[in-house]
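Trainee: I'd like to go over a predicted model; first the sequence, then the structure.
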Amino acid sequence: MKKIKDIKNLKGKRVLVRVDWNVPIENGQVLDEFRIKKSLPTLEFLKSRGAKLIIATHLEPTTQSMEPIKKYLPDGAELLENLRLNHGEEANDEEFAKFLGAKADIYVNEAFSVSHRQHASIVGVPKFLPSYAGLQFEKEVQELSKSFNPPKPFFLILGGAKFETKLPLIEKLLPRADFVFIGGGMAKATVLTPLASNPKVLFCVGDIAAIDANSETIALIKEKVDISKFILWNGPLGNYENGYTEGTFALAKILAESGKEVIVGGGDTLATIEKLKIVDKFSFVSTGGGATLDFLANGTLPGIKALE
């Protein structure tokens, strides 16, 4: 995977940067700046070396104005129209990829969080331009890859509702993990599989399908955290969307205060640590949701392969 630090001369070069600024907006105000702010060092790096920036992102719904995100653009940068207004983006249409590529001399992917998608701006454009990974993209790959050869003991904590999306990740990391805690709605599906009898796999104490983790469960998790060196956490422990957040908040605080190497990812997980104002207490916080899960399960993504 080629990186922007490998580019020898950027002065006067037109650089198309794919970012993921698909953020919640209400009354013209951005409600969550996390992904935007994580992409800014790459934009600053390129601009400081004389590049002319062309920024591309999608925004949902496509009826949403792009105006609120323009304030984050570096001076002189051009923001293209919402990529998903063109059906060729999600269809990975070659002509649309060529159209985007014709606007620049160099392509940079700083959208790890959508790099599991076979979209024109992710995998199509690199066929037509010299292509590189942005600074945050590079860090995502570097940090998440630690899970493939982790310091031991390794504690994997998974929650959320969608068992089928996390099963490939469990199958990939279970041989490497010393303990795996499975909570949230996905626990109910897990007990119907052979995973339930694996001695490494832990569930909520008492009611496996509890709507939230009880104090006994939190104590069990803390016991494993205390003896672990490396922890990967993705997903809430209870019925988070319906307000059962106490167990997830307790877990977040335990991990933040543990002093251990802790990597976290996932939308609800990020929302939790942002609400508690403890984002900076973790070793690494991934910008990805589905992309993080896919990378951990497969060791690569379409967007990574496109940069090789």
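Mentor: Nice, thanks for sending it over. Residues are numbered from 1 along each chain as shown.

Trainee: these two touch, right, residue 218 and residue 252?
Mentor: No. Residue 218 lies out of contact with residue 252 (Cβ atoms under 8 Å); the separation is 11.0 Å. Any C-beta I mention is one placed from the backbone N, CA and C, and that applies to glycine too.

Trainee: so which of those two has more stuff around it?
Mentor: residue 252 (24 against 19; other Cβ atoms under 10 Å).

Trainee: hmm, residue 276 and that one touching each other?
Mentor: Yes. Assessed by Cβ under 8 Å, residue 252 is found in contact with residue 276 at 5.8 Å.

Trainee: following the chain onward from the helix or strand of the chain at the bottom of the mean pLDDT ranking, which element is next?
Mentor: Lowest by mean pLDDT, DSSP states H and E among the helices and strands of the chain is helix 186-190, with a mean of 84. Heading C-terminal from helix 186-190, the first helix or strand you meet, by DSSP states H and E, is strand 201-202.

Trainee: what lines up beside that next one in the sheet?
Mentor: Its sheet considered, strand 201-202 pairs with strand 179-182 (parallel) by DSSP bridges.

Trainee: hmm, who's touching the partner strand?
Mentor: 153-159, 170, 173-174, 190, 195, 198, 200-203, 220-221, 224, 228 (Cβ atoms under 8 Å, 6 or more residues apart in numbering).

Trainee: and stretch 176-186, which residues are buried?
Mentor: 177, 178, 179, 180, 181, 182, 183, 184, 185, 186 (16 or more other Cβ atoms under 10 Å).

Trainee: any regions of the stretch 151-300 of the chain where pLDDT drops low?
Mentor: Applying pLDDT under 70 to the stretch 151-300 of the chain flags the ranges 208-210.

Trainee: tell me which stretches of this protein form strands.
Mentor: For the chain, strands defined by DSSP state E occupy the ranges 14-19, 25-26, 29-30, 52-56, 78-79, 106-110, 131-133, 154-158, 179-182, 201-202, 230-234, 261-265, 284-285.

Trainee: so for the first one, mean pLDDT?
Mentor: Put plainly, it is strand 14-19. Averaging pLDDT along strand 14-19 yields 98.

Trainee: ok so, going back, out of the buried residues of stretch 176-186, which is nearest to residue 23?
Mentor: residue 184 (24.6 Å; Cβ to Cβ).

Trainee: ok, that closest one - contacts?
Mentor: Here residue 184 is in contact with 158, 159, 160, 161, 235, 236, 237, 238, 239, 240 (Cβ under 8 Å, 6+ apart).

Trainee: how about a cut-off of 10 Å?
Mentor: For residue 184, the contacting residues are 158-163, 166, 190, 204, 209-213, 235-240, 244, 247-248, 268, by Cβ atoms under 10 Å, 6 or more residues apart in numbering.

Trainee: and for residue 26?
Mentor: residue 68.

Trainee: give me the distance between it and residue 32.
Mentor: Using Cβ to Cβ, to the nearest Å, residue 26 is found at 10 Å from residue 32.

Trainee: just to revisit the earlier point, please list only the buried members of the contacts of residue 184.
Mentor: Buried, going by 16+ other Cβ under 10 Å: 158-161, 163, 166, 190, 204, 209-213, 235-240, 244, 247-248, 268, out of the contacts of residue 184.

Trainee: so which of those residues are in helices?
Mentor: 163, 166, 190, 247, 248, 268 (DSSP state H).

Trainee: and this protein, what are its domains?
Mentor: 4-138, 149-298 (automatic domain parsing).
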